[in-house]
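Novice: give me coordinates for this.
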Amino acid sequence: MNGRHGQEGRPGGRPSAATIDPRVLEVTRGALVESRHVVHAAASDGARLIATFGDPHRVTYYRSASKVFQAFPLVESGAADHFGLGPRELAIACGSHSGTALHVATVLDMLSRAGLGVEHLQCGTHAPTDAAAARELADSGRKPTAACHNCSGKHAGMLLATRFRGWPVETYLDPEHPHQVEIRRIVADYAGMGPGDVAVAVDGCSAPVFAVPLLSMAHSYARFIRGLGPDGAPSATVARLLDAVRAEPDMVGGPGKLDTEFMRASGGGYIVKIGAEAVYCVGHVPTGRGLAFKVEDGNMRAVPAALFDLLGALGWPIPAGLERFARPEVRNFRDRVVGEIRGAGGA
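Specialist: Take a look at the predicted model:
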């Protein structure tokens, strides 16, 4: 097994001088390896690093893998109870949905409970990523709205918490808005860093996005799935969010999406979340272990194969029936299989 095990690591710590092999994925075409993707990863038991590949201190943006932490204030503030949110609504606030009719209806219903509408969403607009939903919308002659955006559930949650607290909804995405300041503190506390040490930029949906080392992401996910809040104490808020995403995996992604299919196949044994630019975070619930990885070149096509390659290297259980994700096929424009993406071990 490549990688280093038993390494002590603290969130935000300085890089070790030791060289640790990253994982490598091969992209084949015919009999040749046409391309390679390099993967950096860290695994944690919540207190220490238990395995690393590549550079675990690599600082990268969480992107959408941070949504479980961004949803924390929605519950902690009392807004979720006030607006009568159940597991479906909480799961979509933690998810990157694919724009099905159910997803869009759930987001619009959340907004309506606070006297808000689609016009209050500042995430931008794109067509549903679910192919069937996109075709249905196009065939009807209707245009997509902001509720179709994969991050609209997160934004709806932010808006509800902001409205509940009497804060201005017009500026809910401003990094200095009190809701965003609170989220940054939560992310920092989970990472074992100060809020000022967490780099902030603008995400694809215009919300603040946070950068921390991979090892901090792994520590954070391990602590979260152990039911611990950002202060390290057992948290009813976290338990409620965990229950929601385990009960409603369809709200986290959608039909055929890696997050949804993986969590469903694991029977709730894993909590997983993808992020743009090929970031991925994993929590193995029975053992309380966390894993975070980044495909160096940011190519999303490598994420499914990287996930299964790393689980195999770590000896973590792999749910059955997901072979299409483990070694994705490379297809041409006539839908012919011309190659595959596969794990190749260490660099």
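Novice: assign residue 115 to helix, strand or coil.
Specialist: coil (DSSP: H, G, I helix; E, B strand; the rest coil).
Novice: what's the answer for the one 10 residues further on, then?
Specialist: For residue 125, the reduced secondary structure class is coil; criterion used: three-state DSSP.
Novice: leaving out sequence neighbours, find the closest residue to it.
Specialist: Once flanking residues are discounted, residue 125 sits nearest to residue 146: 5.0 Å by C-beta to C-beta, 6 or more residues apart in numbering. Quick note: C-beta positions are derived from backbone N, CA and C, even for glycine.
Novice: ranges for the strands of the chain?
Specialist: 4-5, 23-29, 32-44, 49-53, 59-61, 199-202, 208-213, 270-275, 279-284, 289-295, 329-331, 337-346 (DSSP state E).
Novice: not counting sequence-adjacent ones, nearest residue to residue 70?
Specialist: residue 183 (5.3 Å).
Novice: thinking again about what came up before, what's the most buried one of the strands of the chain?
Specialist: Highest mean neighbour count among the strands of the chain (mean count of other C-beta atoms under 10 Å): strand 289-295, with a mean of 27.
Novice: which stretches of the stretch 51-200 of the chain form helices?
Specialist: 67-70, 72-76, 79-82, 87-93, 101-113, 131-140, 152-164, 178-191 (DSSP state H, counting those that start in this stretch).
Novice: can you add distance to residue 241 and give the ones you listed back as a markdown table?
Specialist: Output for the helices of the stretch 51-200 of the chain, formatted as a markdown table (distance: least, C-beta to C-beta, whole Å):
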| stretch | distance to residue 241 |
| --- | --- |
| helix 67-70 | 6 |
| helix 72-76 | 6 |
| helix 79-82 | 9 |
| helix 87-93 | 6 |
| helix 101-113 | 15 |
| helix 131-140 | 26 |
| helix 152-164 | 11 |
| helix 178-191 | 12 |
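Novice: identify the residues contacting residue 203.
Specialist: Applying C-beta atoms under 8 Å, 6 or more residues apart in numbering, we find residue 203 in contact with 61, 63-64, 151, 209, 276.
Novice: what about the residue nearest the centre of the chain, distance to residue 344?
Specialist: Nearest to the mean C-alpha position of the chain, counting by C-alpha atoms, centre = their mean, stands residue 65 at 2.3 Å. Separation of residue 65 from residue 344 (C-beta to C-beta, to the nearest Å): 24 Å.
Novice: circling back: so which of the helices of the stretch 51-200 of the chain is nearest residue 235?
Specialist: Among the helices of the stretch 51-200 of the chain, helix 72-76 comes nearest to residue 235, with 8.4 Å by C-beta to C-beta.
Novice: packing partners for that closest one?
Specialist: Packing partners of helix 72-76 (3 or more C-beta pairs under 8 Å, 6 or more residues apart in numbering; DSSP states H and E): helix 87-93, helix 152-164, helix 178-191, helix 236-247.
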